[in-house]
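> Whatever this is, show me its structure:
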Amino acid sequence: MPFSSLPEHLADWGHRLTAAPVYLPAGDALQPATSLPFAAGYLVLMGESLSRDQLLATVKQLAERGVQWALLTPFTLAETEVVVLALSAYDSELVAWCKQQTWPLDAVHIERLPTQSQPGLILMDMDSTAIQIECIDEIARLAGVGEQVSAVTAAAMQGKLEFADSLRNRVALLKGAPVSILDTVAANMPLMPGLTLLVDGAQAAGWKVAIASGGFTRFAGKLQQELGLDHIEANEMGVEGETLSGLVHGRIVDSQVKAQTLQKLQADYGVAATQTVAIGDGANDLPMLKLAALGVAIHAKPIVREQAQVAIRQGDLETVLCLLQAGTRIDGLL
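Next up is the predicted model:
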């Protein structure tokens with residue numbers, strides 16, 4: 001079946017590619033196969049409307065690098081179309097190429113993907129990852145010190161300040177603010193698009209889902225209750241009577257604590273290291289992103305996009321579930 005005879009939109013390919021789960025290139029044609037001939041790496045394209053031209057541009061890039069490929073039948077999850085290519089080699093420069101594309105889609109190149117056919121663990125950041133706001137910035141805005149706190153938050157997330165000190169400095173500015181502000185912010189936390197789908201889809205497959213946040217237990221606890229999360233790790237905001245004390249109680253959940261939480265939960269839940277996923281957006285998330293089998297930077301700061309395995313710029317948390325389902329399909333063909 002030649003490429004030229006396939007529809008322009010990849011969402012329509014499933015109706016034509018029904019002979020087999022895998023297709024191999026043969027000149028300009030695609031030949032059906034029953035198993036993957038390559039398993040050295042994978043390239044995944046995800047977007048709301050994938051096109052034949054985007055795929056052709058991708059396989060042209062692979063040809064220039066001498067990488068062979070096999071095409072898995074495209075699938076759709078909710079609003080996201082997904083194409084998976086199994087590759088004959090993993091190329092670190094191809095990771096950079098994927099991150100540099102300006103298409104209205106996300107391209108991911110990785111050596112291995114976790115699978116939903118085995119137990120796994122997702123550990124994610126909260127602020128600007130699981131939810132669309134930075135809670136401390138919202139508290140500060142209501143307390144009348146929004147600009148000062150937001151500036152420090154931005155610098156900390158970009159890796160320009162040490163996180164623990166920056167958090168203490170920001171919380172100190174909140175001293176004397178009414179505790180009721182916390183309830184106001186907690187009642188108005190917009191979830192990141194795709195969060196509920198990701199949590200429900202992962203837990204339905206027997207996965208554990210947890211949060212490790214440099215934010216606060218008041219907000220992480222609300223998410224845990226609403227979504228049925230398996231664990232939360234966050235900071236405790238100090239309170240004196242009806243006002244905030246300006247202090248953080250106990251150990252601060254910084255970058256190292258996040259990484260340690262991933263290791264501890266992996267051991268506690270008996271999850272294989274190859275079945276761990278970490279998701280975040282700030283510099284303090286990098287250690288856990290690098291430690292996980294699949295580290296996903298979601299709408300992240302530049303330093304995080306550059307260093308993470310996977311950088312999602314166009315899609316939302318739904319794309320993480322797409323990657324897990326891609327891994328499951330791959331696992332069934334190996």
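> Contacts for the least confident helix or strand in the chain by mean pLDDT, please.
Within the chain, no helix or strand scores below helix 146-157, which has a mean of 83 by mean pLDDT, DSSP states H and E. Residues from elsewhere that reach helix 146-157, judged by Cβ atoms under 8 Å, 6 or more residues apart in numbering: 128, 134, 136-137, 139-141, 161-163, 166-167, 169-170, 173-174, 281-284, 301. C-betas here are computed from N, CA, C, even on glycine.
> in the stretch 101-250 of the chain, which spans are helices?
In the stretch 101-250 of the chain, the helices defined using DSSP state H, counting those that start in this stretch lie at 135-143, 146-157, 163-172, 180-186, 195-204, 217-227.
> Quick one: distance of the longest one to the chain centre.
This points to helix 146-157. Centroid separation between helix 146-157 and its chain, computed with Cα atoms, centre = their mean, to the nearest Å, is 23 Å.
> again with stretch 22-37
Worked out by Cα atoms, centre = their mean, stretch 22-37 lies 30 Å from the chain centre.
> Against I181, how distant is the residue of the chain most remote from its centre?
Distance from the C-alpha centroid of the chain, by Cα atoms, centre = their mean, peaks at G241 (38.5 Å). Distance of G241 to I181, given as Cβ to Cβ, to the nearest Å: 14 Å.
> Next: L262.
For L262, the distance to I181 - Cβ to Cβ - is 31 Å.
> neighbour-wise, which of the two wins?
Using other Cβ atoms under 10 Å, the more surrounded residue of L262 and I181 is L262, with 26 against 18.
> what about that one, which helix or strand?
helix 255-269 (DSSP states H and E).
> how far off helix 163-172 does that helix point, in degrees?
110 degrees (axes from the mean of the first three to the mean of the last three Cα atoms, to 10 degrees).
> in helix 255-269, what's buried?
S255, V257, K258, A259, Q260, T261, L262, L265, Q266, Y269 (16 or more other Cβ atoms under 10 Å).
> so which of the residues you listed comes closest to P37?
P37 lies nearest to Q266 out of the buried residues of helix 255-269, by Cβ to Cβ, at 32.2 Å.
> quick one: the closest one from A202, how far?
15 Å.
> Also L174?
34 Å.
> What of S88?
30 Å.
> Pick out whichever of those two has more residues nearby.
A202 (21 against 15).
> where does this protein dip in pLDDT?
Low-confidence segments of the chain (pLDDT under 70): 1-2, 4.
> Return the residues in contact with the closest residue to W207 other than its chain neighbours.
Of all residues not flanking W207 in the chain, G120 sits nearest, at 4.4 Å (Cβ to Cβ, 6 or more residues apart in numbering). By Cβ under 8 Å, 6+ apart, the contact list for G120 reads P114, A202, A205, G206, W207, K208, V271, A272, Q275, T276, V277, L324.
> In the stretch 201-334 of the chain, mark out all the strands, start to finish.
208-216, 231-240, 243-249, 276-280, 294-298, 310-312 (DSSP state E, counting those that start in this stretch).
> related to what we said a few turns ago, pick the most deeply packed of the helices of the stretch 101-250 of the chain.
helix 135-143 (a mean of 21; mean count of other Cβ atoms under 10 Å).
> Now do it: everything it contacts.
Contacts for helix 135-143 (Cβ under 8 Å, 6+ apart): 126-127, 146, 148-150, 153, 167, 170-171, 173-174, 177, 181-182, 184-185, 188-189, 215-216, 219.
> ditto for stretch 16-33
Under Cβ under 8 Å, 6+ apart, the answer for stretch 16-33 is 1-7, 34-37, 59, 69-74, 86, 329, 332-333.
> rerun at 7 Å
The contact list for stretch 16-33, computed with Cβ atoms under 7 Å, 6 or more residues apart in numbering, reads 1-4, 6, 34-37, 69-73, 333.
> buried residues in it?
L17, P21, V22, Y23, L24, P25, L30, A33.
> any idea how far the spatially closest residue to the third one that is not a sequence neighbour is from D183?
Leaving aside its chain neighbours, V22 sits nearest to A33 (4.4 Å; criterion: Cβ to Cβ, 6+ apart). For A33, the distance to D183 (Cβ to Cβ) stands at 58 Å.
> And I252, by the same measure?
23 Å.
> sorry, back to before: torsion angles phi and psi at the residue nearest to V22?
phi -140, psi 160 (degrees, to the nearest 10).
> can you check the one 10 residues further on too?
Comment: the main-chain dihedrals of L43 come out as phi -130, psi 120, following degrees, to the nearest 10.
> what sits against the closest residue to it other than its chain neighbours?
Nearest non-adjacent residue to L43, counting by Cβ to Cβ, 6+ apart: L85, 4.5 Å away. By Cβ under 7 Å, 6+ apart, L85 lies in contact with Y42, L43, W69, A70, L71.
> V271: neighbouring residues, count only.
Neighbours of V271 (other Cβ under 10 Å): 20.
> That's all I had, so thanks and see you.
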